[in-house]
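Engineer: Just need the structure, nothing else, for what follows:
(one chain, ligands or ions: 2)
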Amino acid sequence: MKNNDIRIKNISDKKDQLYEVDLDNLPELPYPYHDWEDPPVEEIQESKREKYDSSLDGFLNLQVKKPKTDEEKEKYVAGFLTGLKRLLTKEENWTFLKPFMLSLDNCVKCNTCSEACPIFESSGRAEVYRPLFRSDTLRRIIRKYLKPGGKLTAKFTGADIDLNWETVARLAQLSYRCTLCRRCAQTCPMGVDNGLITREIRKLFSMELGISPQELHGDGTLKQLSTGSSTGITPPALMDLMEFAEEDLKDRTGLDIKIPFDKPGADILLIHNAGEFLSWPENLEAFAILFEIAGLNWTLSSEMVGYDSVNYGLFYDDAQYARVTIKHAEVAKKLGVKKVVVGECGHAHKAIMAIGDRIWMGESNIPRESGMVTMEDLIVNEKVMFDPERNDFPVTLHDPCNMARSMGIIKPQREILKKICPQFREMTPHGVHNYCCGGGSGFAIMQSNNFPAWKYMISGRKKFAQILNAFTKDELDPSVNKYICAPCSNCKGQIRDLLNYYDAYERCRFLYGGLVELIINAMVDVREGFIEWDDFH
Ligand code: SF4
Ligand code: SF4
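Structural biologist: Numbers count the residues shown, from 1 in each chain. Ligands and ions are numbered 1, 2, ... in the order given. As a prediction, this is how the structure comes out:
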């Protein structure tokens, strides 16, 4: 079916695939990518296509098993309706019922949200990716199947939708075609939050039907709770890694720094996204250098879960979210620290500092602070010495959605960059208006089947264009070193993969990394050259 012919009621159509991404219709990229052609999308393996539903758009990141019998199909639909009823009750959804109901009730169908949505725009305005397509499917189901007399009045209320297995499966897939960036929510004149509606749909599928992406649940939350980290790093493995980090730090800087662990009563418990330990150890090394040279009384934790700020439940499931955040609070309380500082991870900021307010209560209500703020104090108040000339190369800043749009942390990272990077320039737009990297809501770690193509071509397209637009034509030449500052572990993963997909290291020579690395690169107490331009990874 052609994109423009697809209507919400078509979500129930019994066909192999509702929509196919039209590569020729994707928006053009800026210089030097005018001639860029996205490679054809790989088909999902036949065995997987037979086993799992991919009937929305031919991409697969959520494994919804196809039912074998009509009874199984009916069971799915009944389970979905039961879960939906629960979402709408105070007892079963005390966490988000109010904003959910307000978002369901207040939409006036103006479509302002569509114009703000990077997925809709970057897909060439595909109807199925319009924020309202997903939200209104849910509204129509509620109106027709849960309101008294809904089926009788459906013709008049516009609830022209059939609730069958296809509808349920495609709605599940649709909830994973949104990065939960909440750009739509920011522009909505009625205060409707399509990101929140999407997240509630994900929650329904996880909590009622046991359907969630393997990367977030099995390889994420469950692994974190059983091994100590979503990366699988156990406490003993952590200590080995930290020994390696201390040696690496010495090689890079000549400094002999011991990374402190489990210090009772420390002023600060620093929690990193454990992705840094494996992929970007220079980030945690840079924090150690900065905090030690500034003379802070700080510690990391080696307790299970206490060394990994990840909390993927934030993206799909309240119960799984709570299990992890309770562990974080317990670790901080047991150590008796004065405050928790969250390192460079956007979703961890929101999980620990914002949504955490619902769980970190009573004696567990330990103050929590963004690492951006901690660093701002050290740099703006010149508690460490730096030489901005060391960072005299073009630098731009990516705002992680959870940190910037959802929490309003905008100024600290800019105050730091203005002090230490003479060639700092903003992306357009930026701050609360910034575009998601395209890896939000867990997409950054979803690498299976053909989904990566979707997140590079579509969900990351606006971000890649923003990056290119932040530099002049001359600066985009590969002879010029330039830096994309992304103070978030998940965003860094997505930006790394975007640069690889678009061959942008070779074509333009970008380096991406965190904020604290730039600070260390400029610090006069540290040997020059902390940032290694030739070590792209
Ligand atoms: S901007 Fe708000 S009111 Fe307008 S269509 Fe979108 S959700 Fe509805
Ligand atoms: S949360 Fe972001 S990706 Fe999702 S519908 Fe809104 S703008 Fe689009």
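Engineer: Closest residue of the stretch 251-400 of the chain to ligand 2?
Structural biologist: Closest approach between the stretch 251-400 of the chain and ligand 2, counting by C-beta to the nearest ligand atom: Phe315, at 11.8 Å. C-beta: built from backbone N, CA, C; applies to glycine.
Engineer: for that residue, what are its contacts?
Structural biologist: Phe315 sits next to Leu180, Arg199, Arg202, Leu216, His347, Ser441, Gly442 when contact means C-beta atoms under 8 Å, 6 or more residues apart in numbering.
Engineer: Return the distance of Val57 relative to Leu498.
Structural biologist: Residue 57: Asp, not Val. 20 Å (C-beta to C-beta, to the nearest Å).
Engineer: and what of Phe133?
Structural biologist: Where Leu498 is concerned, Phe133 sits at a distance of 25 Å (C-beta to C-beta).
Engineer: in the helix or strand of the chain with the lowest mean pLDDT, what counts as buried?
Structural biologist: Within the chain, no helix or strand scores below helix 150-157, which has a mean of 85 by mean pLDDT, DSSP states H and E. Across helix 150-157, burial judged by 16 or more other C-beta atoms under 10 Å covers Gly150, Ala154.
Engineer: my guess is Pro404 meets Gly431, correct?
Structural biologist: One correction, residue 404 is Ala, not Pro. Yes: in this structure, Ala404 is within contact of Gly431 by C-beta atoms under 8 Å, at 6.0 Å.
Engineer: Which one's more surrounded, these two?
Structural biologist: Comparing Ala404 with Gly431 by other C-beta atoms under 10 Å, the one with more neighbours is Ala404, at 24 against 16.
Engineer: Model confidence at that one, what's the number?
Structural biologist: If you check Ala404, the pLDDT there is 98.
Engineer: Then the one 4 residues further on?
Structural biologist: Model confidence at Gly408, expressed as pLDDT, equals 97.
Engineer: same question, Gly158
Structural biologist: 83.
Engineer: Around ligand 1, pick out the residues from the stretch 101-250 of the chain.
Structural biologist: Cys107, Val108, Lys109, Cys110, Asn111, Thr112, Cys113, Leu132, Cys188, Met190, Val192, Asn194 (C-beta under 6 Å from any ligand atom).
Engineer: Then the chain?
Structural biologist: Cys107, Val108, Lys109, Cys110, Asn111, Thr112, Cys113, Leu132, Cys188, Met190, Val192, Asn194.
Engineer: what comes up buried for the helix or strand where Cys184 lies?
Structural biologist: Assessed by DSSP states H and E, Cys184 sits inside helix 183-187. For helix 183-187, the neighbour count (16+ other C-beta under 10 Å) marks Arg183, Cys184, Ala185, Gln186 as buried.
Engineer: Let me see the contact set for the third one.
Structural biologist: Applying C-beta under 8 Å, 6+ apart to Ala185 gives the contacts Cys113, Gly191, Val192, Asp193, Asn194, Gly195, Leu196.
Engineer: Same check on the last one?
Structural biologist: Shown in contact with Gln186 (C-beta under 8 Å, 6+ apart): Ala116, Arg405, Val432, His433.
Engineer: Alright, that wraps it up for me.
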